[in-house]
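Visitor: Need a 3D model of the following:
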Amino acid sequence: MRVTAEREIPELVVVVRSLKDQGIQYQGPFQTSKGRMVFRMKDQIVLGSELATLLAAGELNPGGISMLLRRLREG
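Guide: From the prediction side, this is the model:
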């Protein structure tokens, strides 16, 4: 499982840099016992891979994150 997290690291560096540059609040990243990288954003746990997907789509911005958090809340 650790290999998965190590592969995600360069992508997460870009994600974290983008979040910081935009002043978007978050906590993490944290690694779960299963090797997943996660962030805490507002009242939700967000996978690093979800944020990387937003980044790749050009949607890692306040609007894109709000939509993601809404989808997560709705289940």
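Visitor: Mean confidence (pLDDT) on stretch 67-75, please.
Guide: Here stretch 67-75 scores 93 as its mean pLDDT.
Visitor: What lies in contact with it?
Guide: If you take C-beta atoms under 8 Å, 6 or more residues apart in numbering as the criterion, stretch 67-75 is touched by Met41, Lys42, Asp43, Gln44, Val46, Glu50, Leu54, Glu59. Quick note: C-beta positions are derived from backbone N, CA and C, even for glycine.
Visitor: Among those residues, name the least confidently predicted one.
Guide: Ranking the contacts of stretch 67-75 by pLDDT, Asp43 lands last with 90.
Visitor: quick one, what contacts that residue?
Guide: Contacts of Asp43 by C-beta under 8 Å, 6+ apart are Arg73.
Visitor: In helices only, show me the contacts of stretch 67-75.
Guide: Among those, the members falling in helices (DSSP state H) are Glu50, Leu54.
Visitor: What subset of the contacts of stretch 67-75 is buried?
Guide: Taking 16 or more other C-beta atoms under 10 Å as the criterion, what is buried in the contacts of stretch 67-75 is Met41, Gln44, Val46, Glu50, Leu54.
Visitor: could you dump the contacts of stretch 67-75 to CSV with distance to Val15?
Guide: Listed next are the contacts of stretch 67-75 as CSV, based on distance: C-beta to C-beta, whole Å:
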residue, distance to Val15
Met41, 11
Lys42, 16
Asp43, 20
Gln44, 16
Val46, 10
Glu50, 10
Leu54, 8
Glu59, 12
